[in-house]
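[1] Pasted the sequence and its predicted model underneath.
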Amino acid sequence: MALWNEKPTPATAGPTVVPPPAIPPERNSPERLSADPGLAVSPRRPTPKTSSEGGDSVIAANLTIEGKIEGSGNVRMAGRFKGDVRIDGNFSIEPGAHLTGQVLAGIVVVGGELQGNIESAKRVDVQEGGVIVGDVKAGSITVAAGSRMRGHVEFGWEDEKVKVKPGLVGGN
C-alpha cells in the first residue's frame, strides 16, 4: 500500500512537522549580539591579516615613494622607493623595482636594483638580473647567474667577533 493513501491513525493524527536543526549564529553576527543582552550591538570589521597568515604589503610598480618603512610583516616592492627599510619579516625587490636606502630584514630577495647596504639579514638571494650597489652582511647569500654586485660581502659569520685561539696570532 502506498504511503499517500494511508489514513492517519488516532495516535498519529496530523502531519508530523520536524523543525530544521537550529543553526547557531556566527560568533559576531548581529543576531547573536542582539540575543545576548550583555553584548553591545555593533557590526565588527574583519581583522586584518598578519604576516603569519601570508599577507604581504606591496609597493606597486607604478608608485614612487620617499620615506621610511618600519614594522613587522613581509614587504614586496615593485615600484621605486627612496629611504630605509627596517622590518621583522621578509623583503623582496621585484624585477624592475628600484630601492635607494639601507635594508634590515630577515630574508632579502633582490630581483631589481638596490643602491644601499643590507645589514644582518638571515639570508640574501640575488636573482637573475638583480643588482646590488652596496655592502651585504648576511648569514648566507645566494647569487644567481646574470646578477651584478659592487660592494663588500660578509656571510657565514655570527654577530659576535670571531674568537681566535691563543698562540695563533702575535707569535705566542
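    Yep, it's here.

[2] Flag every buried residue along stretch 126-142.
    Residues of stretch 126-142 classed as buried: V126, Q127, G130, V131, I132, G134, D135, V136, K137, A138, G139, I141 (neighbour count, 16 or more other C-beta atoms under 10 Å). Any C-beta I mention is one placed from the backbone N, CA and C, and that applies to glycine too.

[3] Quick check: which element contains the fifth one?
    Assigning secondary structure by DSSP states H and E places I132 in strand 131-133.

[4] partners of that strand in the sheet?
    Counting by DSSP bridges, the strands paired with strand 131-133 are strand 113-115 (parallel), strand 148-150 (parallel).

[5] Going along the chain from the first one, find the next helix or strand for me.
    Read that as strand 113-115. Per DSSP H and E, the first helix or strand lying C-terminal to strand 113-115 is strand 118-126.

[6] What is the most widely separated pair among the buried residues of stretch 126-142?
    Farthest-apart pair in the buried residues of stretch 126-142 is V131 and G139; separation 21.6 Å (C-beta to C-beta).

[7] Format the buried residues of stretch 126-142 as JSON lines; extra columns: pLDDT.
    Conversion of those to JSON lines gives the following (pLDDT from 0 to 100):
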{"residue": "V126", "pLDDT": "98"}
{"residue": "Q127", "pLDDT": "97"}
{"residue": "G130", "pLDDT": "98"}
{"residue": "V131", "pLDDT": "98"}
{"residue": "I132", "pLDDT": "98"}
{"residue": "G134", "pLDDT": "98"}
{"residue": "D135", "pLDDT": "97"}
{"residue": "V136", "pLDDT": "97"}
{"residue": "K137", "pLDDT": "96"}
{"residue": "A138", "pLDDT": "96"}
{"residue": "G139", "pLDDT": "95"}
{"residue": "I141", "pLDDT": "96"}
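
[8] ok, the residues you listed vs V109, which is closest?
    When the buried residues of stretch 126-142 are compared against V109 (criterion: C-beta to C-beta), the nearest one is Q127, at 6.6 Å.

[9] ok, now how distant is that closest one from S120?
    21 Å (C-beta to C-beta, to the nearest Å).

[10] Then S92?
    Distance, S92 to S120, using C-beta to C-beta: 17 Å.

[11] ok, the two, which is more surrounded?
    A count of neighbours by other C-beta atoms under 10 Å puts S92 above the other of S92 and S120, at 21 against 12.

[12] who's in contact with that one?
    For S92, the contact set (C-beta atoms under 8 Å, 6 or more residues apart in numbering) comprises N74, V75, R76, M77, V108, V109, G111.
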